[in-house]
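Novice: After the sequence you'll find the predicted model.
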Amino acid sequence: ETGVTQSPTHLIKTRGQQVTLRCSSQSGHNTVSWYQQALGQGPQFIFQYYREEENGRGNFPPRFSGLQFPNYSSELNVNALELDDSALYLCASSSKRGGSTGTDTQYFGPGTRLTVL
Amino acid sequence: AQTVTQSQPEMSVQEAETVTLSCTYDTSESDYYLFWYKQPPSRQMILVIRQEAYKQQNATENRFSVNFQKAAKSFSLKISDSQLGDAAMYFCAYRSAYNNDMRFGAGTRLTVKP
């Protein structure tokens, strides 16, 4: 069974640029959630994708957007990067049945460390 | 909004001893799920244990067990026979049964002394 993978591992961007982070879900999982983890803090929920559509969103501005592909992999896009976007970005996959919410346990990838200069 | 509080930024335990990590949460919902995740220096968040709010029995996974007190909104993690590999950041998390937003606490850094 293949676990959740993320790319790249590290990334350095400058303020105002755009970035795309990628996530491959665990085999058999159809749902991907993205989190931002600032240094010394717990992860914060950005959004979730299920069946290629956004299925819940946290308190993040529209410049944070995403995609999910037919193979259930996902991308997180961040436009107009700000210094405060520097963080570890975590992707988690799970298996959702019939749109139900609470029964799926999320399994995390190793994260992408984004630094904005 | 639901919040999760971990009041112990750091904890230390001697190898082979037992340690308890605290977590409290605030919610008005009746149906939810609680989790403990471990994040070692490798950064990957690893699921330790999960508890459904509707279950009265405390979850147990080998050396890891929880003390779930629903009325008190408390969800502590007990690690028995601590091992050096248990050293990590531990995060408590709350997940509503009605939406997809999982809320994490600020974490507790556990050190295991040989």
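Specialist: Noted; the coordinates are in hand. Numbers count the residues shown, from 1 in each chain, chains lettered A, B, ... in the order given.

Novice: Now do the same contact list for residue B:107.
Specialist: A:41-42, B:6, B:9, B:39, B:89-91 (CB atoms under 8 Å, 6 or more residues apart in numbering or on different chains). Quick note: C-beta positions are derived from backbone N, CA and C, even for glycine.

Novice: By neighbour count, which of those residues wins?
Specialist: residue B:91 (25 neighbours; other CB atoms under 10 Å in any protein chain shown).

Novice: and the helix or strand where it lies, average pLDDT?
Specialist: Using DSSP states H and E, residue B:91 sits within strand B:88-96. Across strand B:88-96, the average pLDDT comes to 95.

Novice: How far off centre is it?
Specialist: Centre-to-centre, strand B:88-96 and its host chain are 5 Å apart (CA atoms, centre = their mean, to the nearest Å).

Novice: Next, see if it gets close to chain A.
Specialist: Yes. Residues of strand B:88-96 are located near chain A by CB under 8 Å from any CB of the partner chain, namely B:91, B:93, B:95-96.

Novice: before we move on, the earlier item: ok, so of the contacts of residue B:107, who is nearest residue B:49?
Specialist: residue B:90 (10.5 Å; CB to CB).

Novice: partners of the closest one in the sheet?
Specialist: With DSSP bridges as the criterion, residue B:90 is bridged to residue B:38, residue B:108.

Novice: from what I can see residue A:92 touches residue B:46, true?
Specialist: No. Checked against CB atoms under 8 Å, the pair residue A:92 and residue B:46 is beyond contact range at 11.4 Å.

Novice: which residues are common contacts for the two?
Specialist: Common neighbours of residue A:92 and residue B:46 (CB under 8 Å, 6+ apart) are residue A:108.

Novice: Settle it for me: which of these two has more neighbours?
Specialist: Under the criterion of other CB under 10 Å, the comparison of residue A:92 against residue B:46 puts residue A:92 first, with 27 against 13.

Novice: Tell me which residue is most central in chain A.
Specialist: For chain A, the residue nearest the mean C-alpha position is residue A:34 (2.7 Å; CA atoms, centre = their mean).
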